[in-house]
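*Asks:* structure, please.
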Amino acid sequence: MEQGSIRLYQLALRKTKSLLFFAFLAFLMEIASRLRLVSPLYFPPFSRILESFSELTLAGVLPMQLLHSLLRMACGYFLAVVVMIPLGIVIGTHRRWFLALDPLLELLRPLPPPAIIPIAILFLGIGDGMKISVVFFACSFPILTNSIDGSRLVHPLFIQTGETLGLSRFELLRKITLPAASPQIVSGLRTSLPICLIVTILAEMIGGEDGIGYWTLKMQRTFSIPEMYAGVLVTGFMGYFLNRLL
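*Replies:* I've put the predicted structure just below:
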């Protein structure tokens, strides 16, 4: 019980330090802008940013733009999970498949996801299909490679024991391989989340008509600087909370 209390105290201390550091940066920005140590045109007071954030939130502008982005992220991420986890387990448990596909995966894995945005625009236009496909591509490789690695690391003794007990191939995958590979799979799911956010924002900026990425860039182009920072603030909060999901 005492050890649990110590851990809670340490966690609370870390959170408090993070909040204090954020408050310190906001204070510096406020003072520097008010005293004109930096241009208020490019670095408005933090209180002005919070005011814009509050007004846009109450007006429903930021929630609506955020909803568009989250829906695209969720669609691309869900498709990657549904397709890549089973595919990774199948490849990882079949040596021939792994040897045949590994060179192709190694060739595609270093490809930066933003590099396929022009190709996606060429074939799919600038609608939601393009953005979802780019998110799917970006999330696929961390999930796929971790699923393959996790299933390949399952001890052969576990498989042999399951076969001795008369489990079918599907039951071996469901009851032995999947649980044993789950730590690696969860690691891939967590790794792909920030990538998912980054690619969604970038795709909206390059070929978007709505979404928090498109809206933030629009505010920058129209020189609505406090509103632009409010969009950046929303994106930062979204990244923080998504990272805490897994």
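*Asks:* quick one, domains of the protein?
*Replies:* When the chain is parsed into structural domains using automatic domain parsing, the resulting residue ranges are 1-43, 45-243.
*Asks:* let's have those in TSV, adding mean neighbour count and mean pLDDT.
*Replies:* Placement of C-beta: from N, CA and C, glycine included. Formatted as TSV, the entries for the domains of the chain read as follows, by neighbours: other Cβ atoms under 10 Å; pLDDT from 0 to 100:
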stretch	mean neighbour count	mean pLDDT
domain 1-43	11	80
domain 45-243	18	90
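*Asks:* does residue 166 lie in a helix or a strand, and which?
*Replies:* With the criterion set as DSSP states H and E, no secondary-structure element contains residue 166; it sits in neither a helix nor a strand.
*Asks:* for it, give its distance to residue 240.
*Replies:* When Cβ to Cβ, to the nearest Å is applied, the distance between residue 166 and residue 240 equals 48 Å.
*Asks:* kindly report the same for residue 18.
*Replies:* Using Cβ to Cβ, we find residue 18 at a distance of 10 Å from residue 240.
*Asks:* all helices of the protein, in order?
*Replies:* 2-34, 46-58, 61-93, 95-108, 117-124, 128-152, 156-164, 169-172, 178-207, 212-221, 225-243 (DSSP state H).
*Asks:* reformat those as CSV; add distance to residue 40.
*Replies:* Formatted as CSV, the helices of the chain follow (distance: least, Cβ to Cβ, whole Å):
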stretch, distance to residue 40
helix 2-34, 5
helix 46-58, 8
helix 61-93, 22
helix 95-108, 47
helix 117-124, 35
helix 128-152, 35
helix 156-164, 64
helix 169-172, 64
helix 178-207, 25
helix 212-221, 16
helix 225-243, 9
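*Asks:* how about the contacts made by the nearest residue to residue 81 once chain neighbours are set aside?
*Replies:* Closest residue to residue 81 apart from its sequence neighbours, by Cβ to Cβ, 6 or more residues apart in numbering: residue 143 at 6.4 Å. By Cβ atoms under 8 Å, 6 or more residues apart in numbering, residue 143 lies in contact with 80, 81, 84, 85, 88, 185, 188, 189, 192.
*Asks:* now do 6 Å
*Replies:* Taking Cβ atoms under 6 Å, 6 or more residues apart in numbering as the definition of contact, the neighbours of residue 143 are 80, 84, 188, 192.
*Asks:* distance check, the nearest residue to residue 57 once chain neighbours are set aside against residue 70.
*Replies:* Taking Cβ to Cβ, 6+ apart as the measure, residue 57 lies nearest to residue 63, with 6.5 Å between them; neighbours along the chain are not counted. Here residue 63 is placed at a distance of 10 Å from residue 70 (Cβ to Cβ).
*Asks:* ok, now residue 26?
*Replies:* Taking Cβ to Cβ as the measure, residue 26 and residue 70 are separated by 25 Å.
*Asks:* what does residue 241 give?
*Replies:* Counting by Cβ to Cβ, the separation of residue 241 from residue 70 is 11 Å.
*Asks:* please apply the same query to residue 238.
*Replies:* With the distance defined as Cβ to Cβ, residue 238 ends up 8 Å from residue 70.
*Asks:* what of residue 135?
*Replies:* For residue 135, the distance to residue 70 (Cβ to Cβ) stands at 11 Å.
*Asks:* again, but for residue 57
*Replies:* Taking Cβ to Cβ as the measure, residue 57 falls 15 Å from residue 70.
*Asks:* can you check residue 231 too?
*Replies:* 14 Å.
*Asks:* also residue 157?
*Replies:* With distances taken as Cβ to Cβ, residue 157 is found 43 Å from residue 70.
*Asks:* now for residue 144: which residues touch it?
*Replies:* With contacts defined as Cβ under 6 Å, 6+ apart, the neighbours of residue 144 are 84, 88.
*Asks:* rerun that using 8 Å as the cut-off
*Replies:* Under the criterion of Cβ under 8 Å, 6+ apart, the neighbours of residue 144 are 84, 87, 88, 91, 105, 188.
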